[in-house]
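Colleague: let's see this in three dimensions:
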Amino acid sequence: MEKITEIKSEYLFTLFIVLLTMIFFTSSCNDSLNITPKSSVSDETLWENESTATLFLNGIYANIPGSIYNQFDAEENWSDNSINGAVSSEYSWITYAHAAYTPDNVLHFWGNFNAVRKCNLFIEKVSERPFSENWKKQHLAEVRFLRAYFYMWMCTAHGGLPIITDVLNYQEQGDEIFRSRNTIEETFQFIINECNEIVNDLPLKSPEGRITQGAALALKGYCELFWASPLYNIDNNKNRWEVAALTYKRIIDSKVYDLFPDYNSMFLEENNGNIETIFAYHYLGGSLGSSHEGLHGVRMTKGAMTGWALMNPTQEIVDEYFMANGLPIGDPKSGYNPQSPYENREKRFYQSIVFDGAEWNGDVIYTRTGMGSGNEIDLTATNERTGTGYYLKKAMNSKHAAAGSNGLSSADFILFRYAEILLSYAEAQNEAVGPDQSVYDAVNRVRARVELPPLAEGLTKDEMRVAIHQERRVELAFENKRWRDLLRLKIAENKLNGTLHGMLVEVENEKLTYKVVPACEGEVNFISPKNYLLPIPQAAIDRNPNLEQNPGYN
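Modeller: Sure thing, here's the model as predicted:
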């Protein structure tokens, strides 16, 4: 754990040097060509033509949250799916897991208002420029999508937000810039309306990886699903579920997307932009790439340190993976044996989890005790070895297995993909009308890709709900979806109270034994209803006295 600060500093220093070099190079070119003043890019030059305006828009794309800024302590670690291997030095365990966050120390999403301001500036400047109408229509739609996405990311964590669509300027507007919070319904409706208004201005497909109609509909559907879920749909208004289902069906009926044949390699860089990807954060690779493998991977392979294990799967998620016959491990007919827990499991388990005796990076990984392995389970928080007995394998490319900032990947971090659309449709449609054939078809398509048999016929609505939630948790595991699902489904109070677990594997009488044990510092706490919203950061309230704090944080 003492190395975590060192590796963070090394990684950030590398980024700083690269960006500094880019700035220096750009300044040198501009100076030699007599294009701009040495000290800054003038406003006139920035909005001079479509090319320079596009560069500004590309900078807004770089602000997309959900991946790059939380690689050291991914949002998944706020859920019951994983634990950071450096528990005693990371926010997810020091603060969030113990419900110890306050307006003064919350790791918040409020900073996305900086990106919102950039969106508003782009809209204002481009709208008044004599650019071609087709260019303006598509690029204004793109930036309105991005603004809506930033709002979704903030409001699903903090609740209702001030809806700001103009460029705030204190010198010109005075105290008018201090806006009050809109309600959560108004905030969701703003995002939904934006998506409705821009969807037809966007292309069906984009070879450059820019925003498409599918991305706008996926964002719209996600907000409708969130609004229909138990956290906000207290009376279970079925119309909300119907609305979400219709949006997701529109994506399905478009036939633009499909499931990528191989779940295992779908997330690797050679398959960037595959047929399943709807919206993704793009990495350039090298010093500006993703450090997924190095930060989240197995600690030791082939005698060398190749990962920092900053995302350890828990026993809770391991137990959610089905058996190869398609049954949950708790089903008496599943054939699950607690003393052979890794036999006859479904394909996604072997593609997502490194367990004792599994292979990774050309090496056999032993997490069992007594072998002196550098990967042995660590229940004392003394280093970055796994605290659960598991390491992450999903979306890992072994050619980038290197602890630190070397060998960084250009693999996309997928934010919306087609499997999520199918499962979200199934969830919404089941809640709206029950388990009709379209619900079965959607879930079974996801299961068929990993060679699981179809769901049993004749499920009740409640039974189908359980099946969909389990399928969603497994399919989307470690993609930063679980924490917000815990919130919207209003089950965080059950799943994040108590103890998370790992697997202790020991050798007794020359035979392996398996015992489920509390994970390293596995105690979690969640205070309901308070913690269903993060607090508004005190610094924001100090700047804007019109902001009202969320209940329980005053």
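
Colleague: tally of neighbours for the nearest residue to C195 once chain neighbours are set aside?
Modeller: Once its chain neighbours are removed from consideration, C195 has its nearest residue in K220; the separation is 3.8 Å (C-beta to C-beta, 6 or more residues apart in numbering). For every residue, glycine as well, the C-beta is placed using N, CA and C. Residues within reach of K220, counting by other C-beta atoms under 10 Å, total 28.

Colleague: do R345 as well
Modeller: If you count neighbours by other C-beta under 10 Å, R345 ends up with 18.

Colleague: wait, what's in contact with the nearest residue to it once chain neighbours are set aside?
Modeller: Nearest residue to R345 in three dimensions, chain neighbours excluded: Y321, at 5.6 Å (C-beta to C-beta, 6+ apart). Neighbour list for Y321: I329, R345, E346, R348, F349, S352, I353, V474 [criterion: C-beta atoms under 8 Å, 6 or more residues apart in numbering].

Colleague: what's downstream of whichever helix or strand R147 is part of, the next helix or strand?
Modeller: Secondary structure assignment for R147, by DSSP states H and E: helix 133-158. Using DSSP H and E, the next helix or strand after helix 133-158 towards the C-terminus is helix 170-173.

Colleague: circling back to that earlier point, ok now the helix holding R147, how far from the chain's centre?
Modeller: Using C-alpha atoms, centre = their mean, to the nearest Å, the mean C-alpha position of helix 133-158 is found 18 Å from that of the whole chain.

Colleague: which of the residues in it are buried?
Modeller: 136, 138-158 (16 or more other C-beta atoms under 10 Å).

Colleague: what lines up beside the longest strand anywhere in the chain in the sheet?
Modeller: Using DSSP state E to define each element, the chain has its longest strand at strand 511-524. With DSSP bridges as the criterion, the sheet partners recorded for strand 511-524 are strand 498-508 (antiparallel).

Colleague: quick one: I414 is in a strand?
Modeller: Yes - I414 sits within a strand when classified using DSSP: H, G, I helix; E, B strand; the rest coil.

Colleague: contacting residues for it?
Modeller: Taking C-beta under 8 Å, 6+ apart, we find I414 in contact with F267, E276, T277, F279, A280, E479.

Colleague: now do the contacts for the second one.
Modeller: Read it as E276. When the contact criterion is C-beta under 8 Å, 6+ apart, the partners of E276 are Y257, D258, L259, F260, M266, I414, R417, Y418, A419.

Colleague: wait, the first one sits on I275?
Modeller: It refers to Y257. Yes - counting by C-beta atoms under 8 Å, Y257 sits close enough to I275 to count as a contact (6.1 Å).

Colleague: so where's the chain shaky on pLDDT?
Modeller: Under the criterion pLDDT under 70, the flagged ranges of the chain are 1-42, 66-70, 287, 404-407.

Colleague: just the strands in it please.
Modeller: For the chain, strands defined by DSSP E occupy the ranges 82-83, 277-281, 300-301, 304-305, 312-313, 353-354, 358-360, 363-365, 391-392, 413-417, 498-508, 511-524.

Colleague: deepest of those, which one?
Modeller: A comparison of those by mean neighbour count, using mean count of other C-beta atoms under 10 Å, puts strand 82-83 on top with a mean of 30.

Colleague: neighbouring strands of that one in the sheet, and parallel or not?
Modeller: In its sheet, strand 82-83 lies beside strand 312-313 (antiparallel), with partners assigned from DSSP bridges.

Colleague: any residues touching the partner strand, and which ones?
Modeller: Residues from elsewhere that reach strand 312-313, judged by C-beta under 8 Å, 6+ apart: 81-85, 352-353, 386-388, 390-392, 477-478, 502, 519.

Colleague: try 10 Å this time
Modeller: Strand 312-313 is contacted by residues 76-77, 81-85, 87, 296, 321, 352-355, 377-378, 384-394, 477-478, 500, 502, 519-520 when judged by C-beta atoms under 10 Å, 6 or more residues apart in numbering.

Colleague: residue contacts, N494?
Modeller: The contact partners of N494, taken as C-beta under 10 Å, 6+ apart, are D80, L486, F526, S528.

Colleague: meant to ask about Q315
Modeller: With contacts defined as C-beta under 10 Å, 6+ apart, Q315 is in contact with 80, 341, 388-390, 500-503, 516-519, 522.

Colleague: could you redo the last one with a cut-off of 7 Å?
Modeller: For Q315, the contacting residues are T388, H501, G502, M503, V516, taking C-beta atoms under 7 Å, 6 or more residues apart in numbering as the criterion.

Colleague: now it, nearest residue through space, not along the chain?
Modeller: In space, and not counting its chain neighbours, Q315 is closest to H501: 3.9 Å by C-beta to C-beta, 6+ apart.

Colleague: Q437 versus the one you found, what's the distance?
Modeller: Per C-beta to C-beta, to the nearest Å, H501 is found 38 Å from Q437.

Colleague: re the thing from before, of Y257 and I275, which one has the most company?
Modeller: Y257 (23 against 15).

Colleague: where does that one fall, phi/psi-wise?
Modeller: Here the main-chain torsion angles of Y257 (degrees, to the nearest 10) amount to phi -120, psi 160.

Colleague: what is the burial count for the spatially closest residue to N480 that is not a sequence neighbour?
Modeller: Closest residue in space to N480, ignoring its immediate chain neighbours: E75 at 4.6 Å, by C-beta to C-beta, 6+ apart. Close neighbours of E75, defined as other C-beta under 10 Å, add up to 22.

Colleague: what's the span of stretch 105-118 from first residue to last?
Modeller: Here the two ends of stretch 105-118 are set 26 Å apart, with distance taken as C-alpha to C-alpha, to the nearest Å.

Colleague: ignore what I typed, I meant stretch 372-383.
Modeller: This stretch, stretch 372-383, spans 14 Å end to end (C-alpha to C-alpha).

Colleague: you'd agree G297 is up against H400?
Modeller: No - the pair formed by G297 and H400 falls short of the contact definition of C-beta atoms under 7 Å, at 8.5 Å.

Colleague: who's more crowded, the two?
Modeller: Each of G297 and H400 has its neighbours counted (other C-beta under 10 Å); G297 has more, 29 against 24.

Colleague: can you tell me how far the nearest residue to R417 once chain neighbours are set aside sits from Y283?
Modeller: The spatial neighbour of R417 that comes closest, neighbours along the chain excluded (C-beta to C-beta, 6+ apart), is E276 at 4.8 Å. In this structure, E276 and Y283 are 18 Å apart, going by C-beta to C-beta.

Colleague: try E427
Modeller: Here the criterion is C-beta to C-beta. By it, E427 lies 30 Å from Y283.
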